[in-house]
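Participant: Okay, sequence plus prediction incoming.
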Amino acid sequence: MSREQVLAVIPVYHPVWAQVDAELIAYVDTHAGHGNFRAWTKLTARVITTLARQRPAKQATALDLAVVEHRHADQLLPQDIDPEN
């Protein structure tokens, strides 16, 4: 996807991205999403799993997780995206 497509599609793809600033989504795309929807699905799964593991008082935003804790989508391991793990 082009940058414009990413900025239009990703915020409506999943609620976790809905309130994230466009500049941050562009940053995440540059460093991990690479305009590839499959990469974005893996990133989204990772963010959701990580948020679920956080204590409510310490929940991070999708942006915090994407910037601080992300690995390139092609480096994610199955346990990174398995919600049962």
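Facilitator: It's in. The structure presented is a predicted model; accordingly, all values stated were derived computationally and were not measured.
Participant: Now the longest helix seen in the chain: buried residues?
Facilitator: Here the longest helix in the chain is taken by residue count, with DSSP state H as the criterion, and it is helix 37-53. Buried residues in helix 37-53, defined by neighbour count with 16 or more other CB atoms under 10 Å: A39, W40, K42, L43, T44, A45, R46, V47, I48, T49, T50. Where you see a C-beta, it was placed from the backbone N, CA and C, and this is true even at glycine.
Participant: pLDDT at the last one, what is it?
Facilitator: What the model reports for T50 is a pLDDT of 81.
Participant: how about stretch 13-29: buried residues?
Facilitator: By 16+ other CB under 10 Å, the buried positions in stretch 13-29 come out as H14, V16, W17, V20, L24, I25, V28, D29.
Participant: Go through those and flag which are in helices.
Facilitator: When those are checked against helices (DSSP H), the matches are V16, W17, L24, I25, V28.
Participant: out of these, which one sits closest to L7?
Facilitator: Relative to L7, the closest of these is I25; by CB to CB it sits at 6.0 Å.
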